[in-house]
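Student: Quick one, structure for this:
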Amino acid sequence: MPYEFKLLRRVEFAETDMAGIVHFSNFFRMMEAAEHAFFRSLGFSIHAHAADSTTGWPRVSAACDYQRPLRFEEEVEIHLLVAEVRRRSIRYQFTFRQPADGAEIARGSISAVCATVEKLTGKLQPMPIPEAIRAQITAAPAELLSVPKAFASSSS
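Tutor: As a prediction, the model looks like this:
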């Protein structure tokens, strides 16, 4: 069962600041884009529609730590690992690397809850991950998962 996905992309001008460096907020967009591509690679959409509701994955947590700048027109590989699959949620880890030399640029994480939105009321309701999705996703082996720097330094 899949627990990882890699997405290669080039930094666009609109993602950068005046110095040509990717604005920190765009790392969150890149993590989300990798998550969406991961779902598509499995034959699913992150935003599924049924007759009376829409299923989605609202975020309950998101973080990113930056090691070095990423600049306009540089390529970046975004490595998604499924860190944990629970009954109603998935937690991902992301590593951003330069494809040429493997240098780490940033690390991030997102936790998302499977939920429905009722079309008539707009009410958001957590729900169990659909079995068709759960059957295709598993957590990565522990040896592949990293401890975020913020946690590693505070536990010493």
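Student: Report how many residues lie close to residue 7.
Tutor: 19 (other Cβ atoms under 10 Å). For the C-beta atoms, the positions are set from N, CA and C on the backbone; glycine is no exception.
Student: Can you tell me the SS state at residue 146?
Tutor: coil (DSSP: H, G, I helix; E, B strand; the rest coil).
Student: Show me what the longest helix seen in the chain is in contact with.
Tutor: Criterion DSSP state H: the longest helix present in the chain is helix 25-41. Contacts to helix 25-41, defined as Cβ atoms under 8 Å, 6 or more residues apart in numbering, come from residues 2, 5, 7, 9, 15, 45-46, 57, 62, 64, 66, 76, 78, 80, 92, 94, 96, 106, 108, 110, 112.
Student: Would you check the distance separating stretch 57-70 from the middle of the chain?
Tutor: With Cα atoms, centre = their mean, to the nearest Å as the basis, stretch 57-70 stands 8 Å off its chain's centre.
Student: just stretch 124-133 next, same as before
Tutor: Stretch 124-133 sits 18 Å away from the centroid of its parent chain (Cα atoms, centre = their mean).
Student: Counting neighbours, which bits of it end up buried?
Tutor: By neighbour count with 16 or more other Cβ atoms under 10 Å, stretch 124-133 contains the buried residues 129, 133.
Student: what mean pLDDT would you report for that stretch?
Tutor: What stretch 124-133 shows for mean pLDDT is 94.
Student: now do the same end-to-end measure for it.
Tutor: 20 Å (Cα to Cα, to the nearest Å).
Student: Other residues contacting that stretch?
Tutor: Here stretch 124-133 has contacts from 42, 44, 55, 58, 85, 87-90, 113-118, using Cβ under 8 Å, 6+ apart.
Student: repeat that with 7 Å
Tutor: Residues outside stretch 124-133 that contact it (Cβ atoms under 7 Å, 6 or more residues apart in numbering) are 44, 58, 87-88, 113-117.
Student: Equivalent analysis for stretch 101-115, please.
Tutor: Under Cβ under 7 Å, 6+ apart, the answer for stretch 101-115 is 27, 31, 35, 55-68, 70, 76, 88-98, 124-129, 146, 148.
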